[in-house]
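Q: Give me a 3D structure for the following:
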Amino acid sequence: MMVKPLSSELVLRINSALVMVVLTLALTYAGTTTFAGLILFAATLMSWEWGRVVRGSNIDRIFVIQSVAIIAAGYATLIGERVLAIAIIVAATWIVFRVHKNSELTSDPWWSAAGVYYAGFPAIALIAIRQDPDYGFHAIIYLFLVVWSADTGAFFVGRFFGGPKLAPTISPNKTWSGFIGGAVTAGVAGVLFALWFEHTSVEIMAGLSVVLAIISMGGDLGESFIKRAFGVKNSSGLIPGHGGVLDRLDGLVFAAMGAGLIAAAADPLKPGRALLIW
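A: Numbering: from 1, shown residues only. Now for the predicted structure:
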């Protein structure tokens, strides 16, 4: 089987990814505050893109409410008020629904409301995990490693092997070979991370990585479903070669919520440790 040469679009995609990876790692390493700033900036862009997709609006009252609420929830998380942060997102979801319902917009208010927790809860989870003073940085790096390896593995394995489609009515380009390749690649990445980290179970980290990879790829598929439902190809053109922020972070959104739930169930006071030490 011959491998197709890299297209100019793929080269642009790789170059954009490298720039984003370097910037993200630098701000993550610099500390919790810079990391929170990065996450909240991304969540604001996601809120804008969500409005474009589900309401056909750029900047409107709902975008402002959603963005202010997510930034407030992020700040509450930073000062250790995580219950308040969750309450802000829940309240903002209800407010957005009411504002939309009482407006002249013809789109479904439930979709606008969904955008608040779609961008808000992952932001809270990521900031809370990074806040762990002992293991926060390593836990975020691990999460990035799993999501990026699953995404990369799915793309290249699917491109190389092709085969039966995973969900042709939702995303015609995704294949079962890419899905399996993404899960296996993330599992291998989890094993390598555990061997480097040393203070954890290699077997459990391999299994956890596969689970988070499947959740991540489910997020990718979910975003494809939303875009298909609203008849758009990309959420925006902010990221050359990738489309929008929603297009690029769809997997991380779901993986962050999965990791946040696992960490909260194990040890909500030390979510980084809860995610890594087994």
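
Q: Tell me how far stretch 240-249 lies from the chain's centre.
A: Here stretch 240-249 is found 11 Å from its chain centre; the criterion is C-alpha atoms, centre = their mean, to the nearest Å.

Q: what does it contact?
A: Identification of contacts with stretch 240-249 by C-beta atoms under 8 Å, 6 or more residues apart in numbering yields 9-10, 12-17, 20, 42, 45-46, 49-50, 53, 223, 233-239. Where you see a C-beta, it was placed from the backbone N, CA and C, and this is true even at glycine.

Q: Now, of the residues you listed, which are buried?
A: Among these, those classed as buried by 16 or more other C-beta atoms under 10 Å are 13, 17, 42, 45-46, 49-50, 53, 223, 234-236, 238-239.

Q: Tell me the one of the residues you listed nearest Gln66?
A: Using C-beta to C-beta, Trp50 comes nearest to Gln66 of these, at 7.7 Å.

Q: biggest helix in this protein by residues?
A: In the chain, taking DSSP state H as the definition, the longest helix is helix 202-230.

Q: So which bits of that one are buried?
A: Residues 202, 205-206, 208-224, 226-227 are the ones in helix 202-230 that count as buried (16+ other C-beta under 10 Å).

Q: Inside helices: which ones of the buried ones among the contacts of stretch 240-249?
A: Per DSSP H, the buried ones among the contacts of stretch 240-249 map to helices at Arg13, Ala17, Ala42, Leu45, Met46, Glu49, Trp50, Val53, Glu223.

Q: what's the nearest residue to the last one if we skip its chain neighbours?
A: Leaving aside its sequence neighbours, Glu223 sits nearest to Asp250 (C-beta to C-beta, 6 or more residues apart in numbering; 3.7 Å).

Q: tell me the SS of that neighbour?
A: helix (DSSP: H, G, I helix; E, B strand; the rest coil).

Q: right, and it touches Gly222 too?
A: Yes: counting by C-beta atoms under 8 Å, Asp250 touches Gly222, with 7.0 Å between them.

Q: returning to what we had before: out of the buried ones among the contacts of stretch 240-249, which one has the lowest pLDDT?
A: Across the buried ones among the contacts of stretch 240-249, the smallest pLDDT goes to Arg13, namely 80.

Q: contacting residues around that one?
A: By C-beta under 8 Å, 6+ apart, the contact set of Arg13 is Pro240, Gly241, His242.

Q: sorry, back to before: what number of residues lie near the residue nearest to Glu223?
A: 27 (other C-beta atoms under 10 Å).

Q: Pull up the gap between it and Gly31, please.
A: Counting by C-beta to C-beta, to the nearest Å, the gap from Asp250 to Gly31 is 27 Å.

Q: Check Leu166 and give its pLDDT.
A: Per-residue confidence for Leu166 comes out at a pLDDT of 88.

Q: Kindly report the same for Pro5.
A: pLDDT, Pro5: 62.

Q: Same question for Met2.
A: Met2 is given a pLDDT of 55.

Q: Repeat that for Gly219.
A: pLDDT recorded at Gly219 is 91.

Q: Now it: closest residue in space, sequence neighbours ignored.
A: Nearest non-adjacent residue to Gly219 (C-beta to C-beta, 6+ apart): Phe254, at 2.9 Å.

Q: try Trp48
A: Nearest non-adjacent residue to Trp48, counting by C-beta to C-beta, 6+ apart: Phe63, 5.8 Å away.

Q: Please tell me how far the one you found sits from Gly51.
A: 5 Å.

Q: intersection of neighbour lists for the two?
A: Ser57.

Q: Distance from the chain centre to stretch 138-148, please.
A: Mean-position distance between stretch 138-148 and its chain equals 11 Å (C-alpha atoms, centre = their mean).

Q: which outside residues touch that stretch?
A: For stretch 138-148, contacts defined as C-beta under 8 Å, 6+ apart pick out 21, 24-25, 28, 35, 126, 129-130, 132, 186, 189-190, 193, 197, 209, 212-213, 216, 251-252, 255-256, 259, 263, 271-273, 275-276.
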